[in-house]
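A.B. asks: Structure for this input, please:
(one chain, ligands or ions: 2)
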Amino acid sequence: MSDKKINLLGYSLESLEAFFNDIGEPKFRAKQFIKWVHQKGILDFSQMTDFNKILREKLELIACLRTPMIEKVYKSPEGTIKYLVKLESGSMIEMVRIPEKKRMTLCISSQAGCALQCTFCATGAQGFETNLTPDEIIGQLWLANFYQDDEPPITNVVFMGMGEPLLNFEPVIESAKIMKEQLAYGLSRKRITISTSGITPQIDRLCDEIDVSLAISLHAPTNELRDEIVPINKKYPISNLINSCNSYLKKYDGKRSITIEYILIDGINDSEELARKLAKLLSNISCKINLIPFNPFEGSNYKRSETKAIENFKKILMDKGFITTLRVTRGDAIDGACGQLVGKLNKSIKSKKLISHKLIS
Ligand code: SAH
Ligand code: SF4
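C.D. replies: Ligands and ions are numbered 1, 2, ... in the order given. Down below sits the predicted model:
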């Protein structure tokens, strides 16, 4: 049965070398294999022409190469494309292709849903469903590069879709290894960003495992406010987070910078006083700050900050010497921020269930 077969899509070069060794093949098979799959986009063993027939048949018997399924594609007028992707388990995730001047960024998911319940997040509102496997994570990049011939290849990947990547640590690392591998996607560490709400023990482990860029979803400069909007802060408060940022930077001899993400929600975290507190908190951290206007979604009472408040907030940070960027809000028409599509879908499924339930009872 195909279900018993090993899905080799999510195997890094290292893991493939171990796999081919186990089946009595030389090490170089792993290099040939990873190139077929992640450079040429081939998922059919019979097309791997530098493998002999016996090996191809052996692979057919014990292994498979399966990606998740693209269920729907939504294109925004600005060029952002959002994909609704179905996992084998039936869970839905999202990925977003974001064209920029010189980059084509893919925002990918690491979990279906999320347990952390940040109050501004559509994914958090859905609760946790499941961790993605390495093949489901790298499968998103594979689909974005090979599923649609008419789209240019992805140059950058951000783990800013659904889920908390550092709570699905090993699969995220395994898939990031494939992204970095020269014989696969060959993305440099600058082109892969892991965004976290602040799981500090895992931030501390990250650079022992892999060298990628780090983004911290801070969103508030005080524990009082952060406890409220990013509840995981109660477990890992701001002082722990700052310590982890410092030790990350120290491990790279101060040659790195961290991206600090700060969502701007009207009347909640966008005052001038909080901007000054944020500047003070980050004064000794090598970072750039990315301000993100809140993207409204059904069921949330929050509003995007006024333009004036956004400008003031940004100016205070810039005057204090921080490189500060404002994320352009794109894809509102297609429920831009991750989790919003799936959120809607689940809602409509729930209400349909409700309707049919009502009809039956
Ligand atoms: N769990 C990780 C990564 C996924 S969320 C994390 O929290 O960092 C990635 C980013 O999505 C968050 O930093 C947040 O800035 C953004 N986000 C979530 N909900 C949003 C919304 N409603 N509007 C705008 N950005 C949102
Ligand atoms: Fe989870 Fe990130 Fe959303 Fe918070 S912002 S609920 S950590 S996905």
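A.B. asks: Let me see the residues that make contact with stretch 134-150.
C.D. replies: The set of residues external to stretch 134-150 that reach it, using Cβ atoms under 8 Å, 6 or more residues apart in numbering, is 7-12, 37-38, 41, 66-68, 70, 83, 85, 87-88, 93, 95, 97, 106, 108-110, 151, 153-154, 157, 170-172, 174-175, 178-179, 185. C-beta coordinates here come from the backbone N, C-alpha and C atoms, glycine included.
A.B. asks: Could I have the PyMOL command that selects the buried members from the residues you listed?
C.D. replies: Applied in PyMOL, the following selects the buried portion of those according to 16 or more other Cβ atoms under 10 Å:
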select buried, resi 7+8+9+10+11+12+37+38+66+67+68+70+83+85+87+93+95+97+106+108+109+110+154+157+171+172+174+175+178+179+185
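A.B. asks: In contact with the nearest residue to residue 237 once chain neighbours are set aside: list those residues for me.
C.D. replies: Residue nearest to residue 237 in three dimensions, not counting chain neighbours: residue 223, with 5.2 Å by Cβ to Cβ, 6 or more residues apart in numbering. For residue 223, the residues meeting the contact criterion (Cβ under 8 Å, 6+ apart) are 233, 237, 238.
A.B. asks: which of these are buried?
C.D. replies: 233, 238.
A.B. asks: Return the subset of the contacts of residue 223 lying in helices.
C.D. replies: Assigned to helices by DSSP state H, the following of the contacts of residue 223 qualify: residue 238.
A.B. asks: All the helices of the stretch 201-350 of the chain, residue numbers only.
C.D. replies: Shown for the stretch 201-350 of the chain, the helices assigned by DSSP state H, counting those that start in this stretch span residues 223-229, 238-251, 272-281, 307-319, 340-360.
A.B. asks: Between these, which has the poorest mean confidence score?
C.D. replies: Out of those, the stretch the model trusts least by mean pLDDT is helix 340-360, with a mean of 46.
A.B. asks: how about the residues of the stretch 101-250 of the chain that lie near ligand 2?
C.D. replies: Remark: the part of the stretch 101-250 of the chain in contact with ligand 2 comprises 114, 116, 117, 118, 121, 123, 124, 163, 164, 197, 217, using Cβ under 6 Å from any ligand atom.
A.B. asks: Tell me the predicted confidence for the first one.
C.D. replies: You'll see residue 114 listed with a pLDDT of 97.
A.B. asks: Verify the contact between it and residue 162 for me.
C.D. replies: Yes: applying Cβ atoms under 8 Å, one finds residue 114 in contact with residue 162, separated by 6.4 Å.
A.B. asks: Comparing those two, which residue is more hemmed in?
C.D. replies: Set side by side, residue 114 and residue 162 give different neighbour counts by other Cβ atoms under 10 Å, the larger being at residue 162 (32 against 25).
A.B. asks: Not counting its neighbours along the chain, what's nearest that one?
C.D. replies: Leaving out its chain neighbours, the residue that sits closest to residue 162 by Cβ to Cβ, 6+ apart is residue 109, at 3.9 Å.
A.B. asks: How much space separates that neighbour from residue 219?
C.D. replies: Here residue 109 is placed at a distance of 20 Å from residue 219 (Cβ to Cβ, to the nearest Å).
A.B. asks: if we can go back for a sec, contacting ligand 1 as well, which ones from the residues of the stretch 101-250 of the chain next to ligand 2?
C.D. replies: 121, 164, 197, 217.
A.B. asks: farthest pair in those?
C.D. replies: The widest separation within these, taken as Cβ to Cβ, falls between 121 and 164 and amounts to 10.4 Å.
A.B. asks: list residues touching both of the two?
C.D. replies: Between them, residue 121 and residue 164 share the contacting residues residue 114, judged by Cβ under 8 Å, 6+ apart.
A.B. asks: Okay, strands next: where are they in the stretch 1-150 of the chain?
C.D. replies: Ranges of strands in the stretch 1-150 of the chain, per DSSP state E, counting those that start in this stretch, are 6-7, 63-64, 69-75, 81-86, 92-99, 104-107, 111-113, 128-131.
A.B. asks: Need those strands in TSV (columns: distance to ligand 1).
C.D. replies: Listed next are these as TSV, based on distance: least, Cβ to the nearest ligand atom, whole Å:
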stretch	distance to ligand 1
strand 6-7	24
strand 63-64	29
strand 69-75	17
strand 81-86	14
strand 92-99	11
strand 104-107	8
strand 111-113	8
strand 128-131	12
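A.B. asks: what's near enough to touch the spatially closest residue to residue 6 that is not a sequence neighbour?
C.D. replies: Here the nearest residue to residue 6 in space, its sequence neighbours aside, is residue 63; by Cβ to Cβ, 6+ apart that works out to 4.8 Å. Taking Cβ under 8 Å, 6+ apart as the contact definition, residue 63 lies against 5, 6, 7, 8, 45.
A.B. asks: How much space separates residue 63 from ligand 2?
C.D. replies: Between residue 63 and ligand 2 the computed distance is 32 Å (Cβ to the nearest ligand atom, to the nearest Å).
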